[in-house]
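Participant: the following comprises the amino acid sequence and a computationally predicted model.
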Amino acid sequence: MKKILRLWLALQRQCISVKRQSALDKASFKSNRDELRRAVVDLIELSNRTFPDAKQFPKRLKLPTTLKALTLFIEELLGGWLDSWENFGAFDEQSIESSHARMNNIDRLFGAARGKAR
């Protein structure tokens, strides 16, 4: 469990950093993310082997499927963002969400246009 917390905190520190991420930082992020994924899977498998019929656990453990967990674990999402923008911290959730609204407005304005006009 300490390993999971250590990796999670390392990833969080990198996600809130506003400095440009170097190639070494990017590799470290991807390595920590993959290691965290393996550690979570190992913990789930160990728990399910150790307590196969335990009454204190009404459900068997499984991988988290929340949107934030999926965002972290799917390579194309955060990994692609880091490769493209070389930063996470300068783009907070509010900024990203406001860009969706702007893109929707642009799409409404020019959605009917075709060809070069669009």
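Facilitator: Sure, I can see it.

Participant: which residue is nearest the centroid of this structure?
Facilitator: Residue closest to the average C-alpha location in the chain (Cα atoms, centre = their mean): residue 72, at 1.8 Å.

Participant: nearest residue to that residue in space, please, no chain neighbours.
Facilitator: Spatially, and ignoring its direct neighbours in sequence, residue 72 is nearest to residue 78 (6.2 Å; Cβ to Cβ, 6 or more residues apart in numbering). From N, CA and C alone the C-beta is placed, and that goes for glycine too.

Participant: show me what contacts that neighbour?
Facilitator: Neighbour list for residue 78: 29, 33, 71-72, 88 [criterion: Cβ atoms under 8 Å, 6 or more residues apart in numbering].

Participant: and the longest helix anywhere in the chain, what's its mean pLDDT?
Facilitator: In the chain, assigned by DSSP state H, the helix with the most residues is helix 23-50. The predicted model assigns helix 23-50 a mean pLDDT of 88.

Participant: give me the buried stretch members for it, please.
Facilitator: Buried residues in helix 23-50, counted by 16 or more other Cβ atoms under 10 Å: 25, 29, 32-33, 35-37, 39-40.

Participant: how far does it sit from the chain's center?
Facilitator: Put simply, helix 23-50 sits 13 Å off its chain's centre (Cα atoms, centre = their mean, to the nearest Å).

Participant: and the pLDDT for the residue nearest to the centre of the chain?
Facilitator: In this model, residue 72 is scored at 71, pLDDT.
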